[in-house]
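> Fold the following and give me the result.
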Amino acid sequence: MEPSWMTQKLQEATDLQLIVLPCFIDATDRQVKDLVSAAREGLVSAVEEMLQRPQDPDQRTFVLENMVNELSCYQTPLGAACSHGHAEVARLLLFAGASHNCRSHPNRYDPVGATPLYLASKGGHAEVVRVLLEACADKNTASGMDALSPLLVATKNNRTEVAHVLLEGAADANKACGEDTPLVMAIMLDRVDITKLVD
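Here you go, the predicted model:
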C-alpha cells in the first residue's frame, strides 16, 4: 500500500520553489583557456556565451604575461578580468557563480596566490574594486607576491582612487602586513594623498 502523502492531492494552489544547483560541463583545457583569455581581454559577449555551456567560472589555466611576474600563473577568469580592469566581465563572472576570493594558483613568484581584489587594487582598477566589494570580497586579506592587503598594495603602487574606494568599503586602515601599515607605507613612500586618506 502507498503512503498517504503519495496519494494526497493538493487542495489549493501553492508556490513551488525549485533550487537549481550549478552543473558544469567538463571543460577541455582549450575551453578553459578561451574563457580566461576572453575575460582578460574584456570580451563581455564571448564570456557570456562561454558561460552558457555552462562552464565553471573558477577553473584556472596558465597565463603568461609579457614579463614573468605574479600575473604569469594559473589564473581564474575573474582574476584575469580583475588584473586587467574589466568591471563588466567581473560582474558577469560573479553573477555566474565565480568565487570572489578565489586565488590564482601559487607559484615560485607568488607562494600564496593573489585574490581578485589584490589584483584589481594593484592594477589601479577602482571600478573593479567596487564590484568586488559589492560581492563581499575580503578587503583585508593579505595575498600576492608581496603578501600585502589590498589597501597596502594600493598604497605601494600609489593608487589613490583605489585606496579611497577600499576605505569607503571599510578596509582596515590599521591592518599591518609585516611591519607596515598603510599609513607607515604611505609616509615612507611619500604618498601624500593616500597619507591624508588613511590618517
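> For the protein, which segments count as strands?
Taking DSSP state E, the strands of the chain run over residues 61-63, 73-75.
> what's the closest of the ones you listed to A186?
Among the strands of the chain, strand 73-75 comes nearest to A186, with 28.1 Å by CB to CB. Just so you know, the C-beta spots here come from the backbone N, C-alpha and C atoms, and that holds for glycine as well.
> Mind checking the pLDDT average for that closest one?
Mean pLDDT, computed over strand 73-75, is 74.
> Count the residues that sit near the nearest residue to H84 once chain neighbours are set aside.
Using CB to CB, 6 or more residues apart in numbering and skipping residues adjacent in sequence, the residue nearest H84 is R40, 5.5 Å away. By other CB atoms under 10 Å, the residues close to R40 number 22.
> wait, doesn't R40 sit right on A80?
Yes. Between R40 and A80 there is a contact under CB atoms under 8 Å: 3.9 Å.
> shared neighbours of those two, anything?
Contact with both R40 and A80 is made by residues V63, according to CB atoms under 8 Å, 6 or more residues apart in numbering.
> residue nearest the centroid of this protein?
P116 (3.0 Å; CA atoms, centre = their mean).
> Give me the neighbour count for the nearest residue to I194 once chain neighbours are set aside.
Sequence neighbours aside, A186 is the residue nearest to I194 in space, at 4.4 Å (criterion: CB to CB, 6+ apart). The number of residues packed around A186, counting by other CB under 10 Å, is 28.
> go on, E49?
Based on other CB under 10 Å, the number of other residues close to E49 is 13.
> how far away is it from G144?
Counting by CB to CB, to the nearest Å, the gap from E49 to G144 is 31 Å.
> same deal with S121?
9 Å.
> same thing with S45?
According to CB to CB, S45 stands 30 Å off from G144.
> These two: which is more packed in?
G144 (23 against 9).
> G123 is in contact with that one, correct?
No. G144 is beyond contact range of G123, at 11.3 Å (criterion: CB under 8 Å).
> Contact partners for D29?
Neighbours of D29 in contact, by CB under 8 Å, 6+ apart: T61.
> how near is it to F62?
10 Å.
> again, but for L43
19 Å.
> Likewise for L189?
In this view, L189 and F62 are 32 Å apart by CB to CB.
> same question, N158
30 Å.
> try V131
From V131 over to F62 (counting by CB to CB), the distance is 25 Å.
> between those two, who's got more neighbours?
Using other CB under 10 Å as the criterion, V131 and F62 rank with V131 on top: 25 against 14.
> my guess is the more buried one contacts A90, does it?
Yes. The pair formed by V131 and A90 meets the contact definition of CB under 8 Å, at 5.0 Å.
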